[in-house]
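In: pasting the sequence and the predicted coordinates here, then a few questions.
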There are 2 protein chains.
Amino acid sequence: MFAIGVDIGGTSIKGAAISKEGKVGEVFSLPIDKNATQEEIIYQLIDSINNYIKEQGFKKEDILGIGCGIPGVSDTKAGVVTYSNNLQWYELPIVKMIEEGTGLPVRITNDANAAALGEAKFGAGKKFKNILTVAIGTGVGGGIIIDGKLYEGNLGKGAEIGHMVVVVDGELCTCGRLGCLEAYCSAPALIKACQKAMDAHPDSKLFDTVKKFGKLDARAPFEAERMGDPYAHEIVETYVKYLGEGLLNYFNIFRPEIVVMTGGVSNEGEYLFKRLRQYSKERYHGFRGTPEVLIMPSELGYDAGKIGAASLFF
Amino acid sequence: MFAIGVDIGGTSIKGAAISKEGKVGEVFSLPIDKNATQEEIIYQLIDSINNYIKEQGFKKEDILGIGCGIPGVSDTKAGVVTYSNNLQWYELPIVKMIEEGTGLPVRITNDANAAALGEAKFGAGKKFKNILTVAIGTGVGGGIIIDGKLYEGNLGKGAEIGHMVVVVDGELCTCGRLGCLEAYCSAPALIKACQKAMDAHPDSKLFDTVKKFGKLDARAPFEAERMGDPYAHEIVETYVKYLGEGLLNYFNIFRPEIVVMTGGVSNEGEYLFKRLRQYSKERYHGFRGTPEVLIMPSELGYDAGKIGAASLFF
């Protein structure tokens, strides 16, 4: 018995059979056609799944179901994607459609929640019960695992952990509030800070990173800092401070055993994590006996979403 | 079958038999002797409990156990009060002591958690599954109820929801961090803001509230605002803004069905809650289909702690 995990991204959809031990089978993928309607995309996905099952020679009775991780907000119980900003999907009854198209049970969750569940069950969090994942990329998202189970909040709308104001009246966030952690710690926030530094300092080594990467991206400040650029150093120090304060907020609110860092910016790895650990250790506030929270990288990487989506059936 | 709920406060300890339906029996209480050692206080509590059981004519076999809500941080599994700042208790094995002294099973939790559990099971939250309580008094604390169960975090050290930084590099908090919600929204923070306004404005009606209440206290800005004082109005507006941002953070992180407001400042009731609801409604960020979070007052008042502590056995 196994389940099929489907990870719906902004530009493509990937899926695979996932065993109950979290092993990933052969992967199928399809691009998301920007000109197609939301319903057409789901029909293409249904075709892909049915073809995959046929090609792999799977028997339907061996498949527990199909789990999907979806960017944006969904009513997970009703099985409807309420709104996906990335995909411009609205009120899409995805569960009903895929169930009718495949004859298999379907469950959905937010993509960040799916990744959190994957890491919790089979990745960096597998030894722990209370886990927070923090995903840093285009936005700042995450997932909350309480006592081994995904916590989604009312109508699946919780765990929007990046939309936590850390500066009242601060920077405008994509959500409309002022001062969210996302407005300081997302990849676009880093790029904005770099652009500002480059405008002010034509001698900055940030320019060299643009040559190296072919564009200004969120790796720039880390790379330029390693080259000894003082302006990049300031950007990274500020970044560690804001992200560190955000993590400390999560520590105090949840006091999980572990925070698992995922997403593009987390690819900086130990270079970033060491400093986050140092920052948070120095500010473990005044409470005695407060246990340390581990800050660790994802173990499953890009498979986390597929594995977690499938494990909605485990 | 019933349990005894004990609420340990800063100046006194109160307890009562609590039925499985949340009904509060006759209450016993004892003052906390500031000159006594932590062990002496527990021996006094044991005597009070044993006398109470005798006086009430209870049979020990009818008592499920004794639940205690304790200010400060405890290792709830080990049954040890790690550190209570208010009481100056350190490493106190309270569960073992009371179990030996009464012959009954004993369970402990944080006082804010106990109140949260009481409200969740028998009070304002009884119709809901995911509940956050926000207690505003000397500090800002609270309790987290997930799927009907108390969430305490690792070693019982979670739910320190007031120690969430909302202004990076902001006001110094009692915990040592800069900019915690507690530093802006506790009763002492309100009093500090009033003192500042009174120093700057000798014509402020805040002075009249001191005459009325016999001291400057956290009711002052609300009372003076009702008298038409513009300086008090500004304090209250700022207060609503910071507390509103804090609540919105909790909404995004947890998306509970309800937030139950407790503690001294919450006694302002609808005068405060109406404005908090208005503030949060205007800033429900951009996500479609995001369900409203109710902001409601405690229903159990001062009984919440006792009821919740007892219900550790229900």
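Out: Okay, I see it.

In: all helices for the stretch 101-250 of chain A, in order.
Out: Along the stretch 101-250 of chain A, the stretches classed as helices by DSSP state H, counting those that start in this stretch are A:111-122, A:182-185, A:187-200, A:206-213, A:220-226, A:230-254.

In: residue B:237 is nearest to which of these?
Out: helix A:182-185 (23.6 Å; C-beta to C-beta). C-beta coordinates here come from the backbone N, C-alpha and C atoms, glycine included.

In: contacts for that closest one, please.
Out: A:136, A:139-140, A:162-163, A:166-167, A:170-175, A:189, A:239, A:242-243, A:246, A:265 (C-beta atoms under 8 Å, 6 or more residues apart in numbering or on different chains).

In: in PyMOL, how would I select the buried members of those?
Out: Of these, the buried ones can be selected in PyMOL as follows, counting by 16 or more other C-beta atoms under 10 Å in any protein chain shown:
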select buried, chain A and resi 136+139+140+162+163+166+167+170+173+174+175+189+239+242+243+246+265
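
In: which of the contacts of helix A:182-185 are close to chain B?
Out: A:163, A:166-167, A:174-175, A:242 (C-beta under 8 Å from any C-beta of the partner chain).

In: ok, residue A:86 touching residue A:72?
Out: Yes: applying C-beta atoms under 8 Å, one finds residue A:86 in contact with residue A:72, separated by 6.5 Å.

In: if you count surrounding residues, which of the two has more?
Out: Using other C-beta atoms under 10 Å in any protein chain shown as the criterion, residue A:86 and residue A:72 rank with residue A:72 on top: 21 against 16.

In: state the distance from residue A:143 to chain B.
Out: Relative to chain B, residue A:143 is positioned 12 Å away (C-beta to the nearest C-beta, to the nearest Å).

In: please apply the same query to residue A:58.
Out: 34 Å.

In: I figured that residue hits residue A:17, correct?
Out: Yes: using C-beta under 8 Å, residue A:58 is in contact with residue A:17, at 7.0 Å.

In: look at those two and report which has more neighbours.
Out: Using other C-beta under 10 Å as the criterion, residue A:58 and residue A:17 rank with residue A:17 on top: 22 against 15.

In: is it true that residue A:39 lies in a helix?
Out: Yes: under DSSP: H, G, I helix; E, B strand; the rest coil, residue A:39 sits within a helix.

In: got the contact list for it?
Out: A:92, A:97.

In: interface residues of the stretch 51-200 of chain A facing chain B?
Out: A:73, A:75, A:82-83, A:90, A:130, A:144, A:146, A:151, A:153-155, A:157-161, A:163-168, A:174-177, A:179.

In: show me how chain A divides into domains.
Out: As given by automatic domain parsing, the domain ranges for chain A are A:2-120, A:126-298.

In: and the longest one, how far apart are its ends?
Out: In this case it means domain A:126-298. Using C-alpha to C-alpha, to the nearest Å, the end-to-end distance of domain A:126-298 comes to 11 Å.

In: please apply the same query to the shortest one.
Out: Domain A:2-120 has an end-to-end distance of 18 Å (criterion: C-alpha to C-alpha).

In: what about it, distance to the chain center?
Out: 16 Å (C-alpha atoms, centre = their mean, to the nearest Å).

In: same thing with stretch A:160-176?
Out: 18 Å.

In: first-to-last residue distance for that stretch?
Out: Termini of stretch A:160-176 sit 14 Å apart (C-alpha to C-alpha).

In: what does it contact?
Out: In contact with stretch A:160-176 (C-beta under 8 Å, 6+ apart) are residues A:132, A:134, A:139-142, A:144, A:177-186, A:189, A:242, A:245-246, A:249-250, B:164-168, B:241-242, B:245, B:248-249, B:252-253, B:255, B:283, B:285-287.

In: rewinding a little: the domains of chain A into TSV, with extra columns for mean pLDDT?
Out: Output for the domains of chain A, formatted as TSV (pLDDT from 0 to 100):
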stretch	mean pLDDT
domain A:2-120	95
domain A:126-298	94
